[in-house]
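S.K.: No letters, just coordinates:
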């Protein structure tokens, strides 16, 4: 079973590297995604060699595989930072990789290690070795936590620019980071069980390989089904603007103008409305629009536009002529581009699901 899982992981990772290799334009973020898949491939090939190669070759291959798994952490972070236009701190990551290389590749010379069932097995009479795997996994979890922070800050910036995040939402990176944290937690549990419950090495490795292959498949599936990862340019990065002093009284007045425009002209009915488009309607620059929304109304562009769309859906739904019209149809008329965007916005701004709201209207 272990060899089948390792073969599947290596083949899938290599296939995804080839898919990335033909992407045009091939950008900085794509390079780090390719490194992530290559590292997964090296790990899986190392497991295969650990199962079949002579002892010394097996230990060397498994050591390289362990180092490759560590590389996936920085590669994941650097991909996210490059795709989101965030600082990459490359020197810091290079230092971490170098330190990991020294630790991993000197370990076989310091501690007696043998290859068994595709795993590196050390003598448990050396107690301090017990803390290395969970400590390493805990440190590796700092990378996906860093990615979660990047995604959170990115989404806030996008909400000042767009009314529909579906084309540029970096949420899949949040899912990827969550998957890494789940895998790391599972590996820590598997290691604890192998020590406390004396799991056989082959069972321990089967659990690890199952999680790794599932992880590779998850990232590949999300990337292949999401525009901008494997087949198109990376995520949209709006230009950064310089901070200007805020006149709160003027911002409040400007927000009143925005509110009046939304109520009378209904520009939010355009599904692809952007902050730049709305600012042009008002004769403003994007910075003035953002300041008016944030400091005059306490909202971002995304929430302001989708709140107006929710109000429009409610207005249309109250019309007796629309009594038998689906709320989803009305949502498209109000400017929502997808069912998910509509449901999320409705729950956020109306405090309940669309179905519950309509049921209450009927009762009234």
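M.R.: Done, it's in. What you see is a predicted model, and the numbers here were worked out from it, not measured in a lab.

S.K.: contacting residues around the nearest residue to residue 5 once chain neighbours are set aside?
M.R.: Nearest residue to residue 5, sequence neighbours excluded (CB to CB, 6 or more residues apart in numbering): residue 209, at 3.9 Å. (Glycine included, C-beta is placed from N, CA and C.) Counting by CB atoms under 8 Å, 6 or more residues apart in numbering, residue 209 makes contact with 2, 5-6, 9, 44, 47, 118.

S.K.: likewise residue 90?
M.R.: Residue 90 makes contacts with residue 78, as judged by CB under 8 Å, 6+ apart.

S.K.: can you give me the helices in the stretch 51-200 of the chain?
M.R.: For the stretch 51-200 of the chain, applying DSSP state H, counting those that start in this stretch gives helices covering 55-84, 90-110, 132-140, 142-159, 171-196.

S.K.: Report the buried residues of the second one.
M.R.: Applying a neighbour-count criterion of 16 or more other CB atoms under 10 Å, the buried positions in helix 90-110 are 93, 96-97, 100, 104, 107-108.

S.K.: And the furthest pair within the contacts of residue 209?
M.R.: Farthest apart among the contacts of residue 209 by CB to CB are 9 and 118. That separation is 11.4 Å.

S.K.: ranking the helices of the stretch 51-200 of the chain by burial, who's on top?
M.R.: Comparing the helices of the stretch 51-200 of the chain by mean neighbour count (mean count of other CB atoms under 10 Å), helix 55-84 ranks first with a mean of 21.

S.K.: That helix - contacts with which helices or strands?
M.R.: Helix 55-84 is packed against helix 28-52, helix 90-110, strand 113-116, strand 119-122, helix 132-140, helix 142-159, helix 171-196, with contacts defined by 3 or more CB pairs under 8 Å, 6 or more residues apart in numbering; DSSP states H and E.

S.K.: how does it look with 7 Å?
M.R.: Helix 55-84 is packed against helix 28-52, helix 90-110, strand 113-116, strand 119-122, helix 142-159, with contacts defined by 3 or more CB pairs under 7 Å, 6 or more residues apart in numbering; DSSP states H and E.

S.K.: Comparing these by mean pLDDT, which bottoms out?
M.R.: Ranked by mean pLDDT, these bottom out at strand 119-122, with a mean of 77.

S.K.: That strand pairs with which strands?
M.R.: Sheet pairing for strand 119-122, assigned by DSSP bridges, gives strand 113-116 (antiparallel).

S.K.: Next, the buried residues of the partner strand.
M.R.: Buried residues in strand 113-116, defined by neighbour count with 16+ other CB under 10 Å: 113, 115-116.

S.K.: Whatever helix or strand residue 349 lives in: what's the following helix or strand?
M.R.: Assigned by DSSP states H and E, residue 349 falls within helix 339-350. Sequence order places helix 354-363 as the next helix or strand after helix 339-350, per DSSP H and E.

S.K.: angle of that following helix against helix 339-350?
M.R.: 50 degrees (axes from the mean of the first three to the mean of the last three CA atoms, to 10 degrees).

S.K.: so what secondary structure elements neighbour helix 354-363?
M.R.: Judged by 3+ CB pairs under 7 Å, 6+ apart, the packing partners of helix 354-363 are helix 301-318, helix 339-350.

S.K.: tell me the most buried of these?
M.R.: helix 301-318 (a mean of 21).

S.K.: Can you pull out the residues in contact with that helix?
M.R.: Residues outside helix 301-318 that contact it (CB atoms under 7 Å, 6 or more residues apart in numbering) are 159-163, 165, 262, 266, 268, 273, 275, 290, 293, 297, 322, 327, 330-331, 333-336, 345-346, 349-350, 358, 361.

S.K.: ok, and the closest non-adjacent residue to residue 330?
M.R.: Distance criterion CB to CB, 6+ apart; nearest residue to residue 330, sequence neighbours excluded, is residue 316 at 4.6 Å.

S.K.: what's the spacing between the one you found and residue 266?
M.R.: Counting by CB to CB, to the nearest Å, the separation of residue 316 from residue 266 is 11 Å.

S.K.: Point out where this protein drops to low pLDDT.
M.R.: For the chain, the stretches flagged by pLDDT under 70 are 123-130, 165-169, 190-198, 227-228, 231-246, 364.
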